[in-house]
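Trainee: Sequence plus the predicted model coming up.
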Amino acid sequence: MAAVLRQAGFFAQASDLVMLLGPLGIALVAAALPVRAHAPDVLRWDGAQWWWLRAGEPLAVTPDVFIDIERWMLLRLNPAVAADGATRRGRQPVRWVAASRGALGAQWTLLRLHLFLARG
């Protein structure tokens with residue numbers, strides 16, 4: 001019986017069907033998984049210090065504008081250095097943040113002004 005089915009090309013067609021439905025099944029399972037809400041990352045200026053708020057935990061940073069092409073900026077967020085020369089909260093990694101006019105809308109101009117004026 002298997003020889004007859006093999007000659008008829010049934011097994012080749014079944015494997016093709018598996019190849020087609022496999023990725024579709026994986027996509028359906030992935031779509032059904034719950035998506036966790038991600039708290040937005042926030043760069044905030046309080047008038048004296050820049051703060052990077054990620055997952056609700058504030059980190060004092062000093063931003064450097066690494067690339068500025070008017071509609072888009074790449075910022076390097078360095079851990080802030082205390083008066084004694086030590087970084088606050090121990091050794092923190094440098095963070096890179098891309099900011100765009102399209103994503104920030106009306107806040108874009110204020111961000112650019114504060115970044116360049118806060119340097120002093």
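Mentor: Cool, got the structure.
Trainee: Show me what the helix or strand residue 116 falls within is packed against.
Mentor: Using DSSP states H and E, residue 116 falls within helix 107-117. Based on contacts counted as 3 or more Cβ pairs under 8 Å, 6 or more residues apart in numbering; DSSP states H and E, the elements that helix 107-117 packs against are strand 57-68, strand 72-79, strand 95-100. Using the backbone N, CA and C atoms, a C-beta is placed for each residue, glycine as well.
Trainee: would CSV of these with mean pLDDT, distance to residue 46 and mean neighbour count be doable?
Mentor: Shown next, in CSV, are the helices and strands packed on helix 107-117 (pLDDT from 0 to 100; distance: least, Cβ to Cβ, whole Å; neighbours: other Cβ atoms under 10 Å):
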stretch, mean pLDDT, distance to residue 46, mean neighbour count
strand 57-68, 91, 10, 15
strand 72-79, 94, 15, 18
strand 95-100, 92, 18, 14
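Trainee: wait, which of those strands is closest to residue 42?
Mentor: Evaluated over the helices and strands packed on helix 107-117, closeness to residue 42 peaks at strand 57-68, with 9.2 Å, by Cβ to Cβ.
Trainee: Listing partners with orientation, what would you give for the closest one?
Mentor: Strand pairing for strand 57-68, determined by DSSP bridges: strand 50-54 (antiparallel), strand 72-79 (antiparallel).
Trainee: average model confidence for stretch 31-44?
Mentor: Mean per-residue pLDDT for stretch 31-44: 74.
Trainee: then the helix holding residue 116 to PDB, C-alphas only?
Mentor: The C-alpha trace of helix 107-117 is given here as PDB (Å, rounded to 0.1, in the frame of the first residue of the first chain):
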ATOM      1  CA  GLN A 107       8.700  67.800  21.700                       C
ATOM      2  CA  TRP A 108      11.500  67.600  19.100                       C
ATOM      3  CA  THR A 109      12.400  71.300  19.100                       C
ATOM      4  CA  LEU A 110      12.400  71.400  23.000                       C
ATOM      5  CA  LEU A 111      14.700  68.300  23.100                       C
ATOM      6  CA  ARG A 112      17.100  69.900  20.700                       C
ATOM      7  CA  LEU A 113      17.100  73.200  22.600                       C
ATOM      8  CA  HIS A 114      17.700  71.600  26.000                       C
ATOM      9  CA  LEU A 115      20.400  69.300  24.700                       C
ATOM     10  CA  PHE A 116      22.400  72.100  23.200                       C
ATOM     11  CA  LEU A 117      21.700  74.800  25.900                       C
END
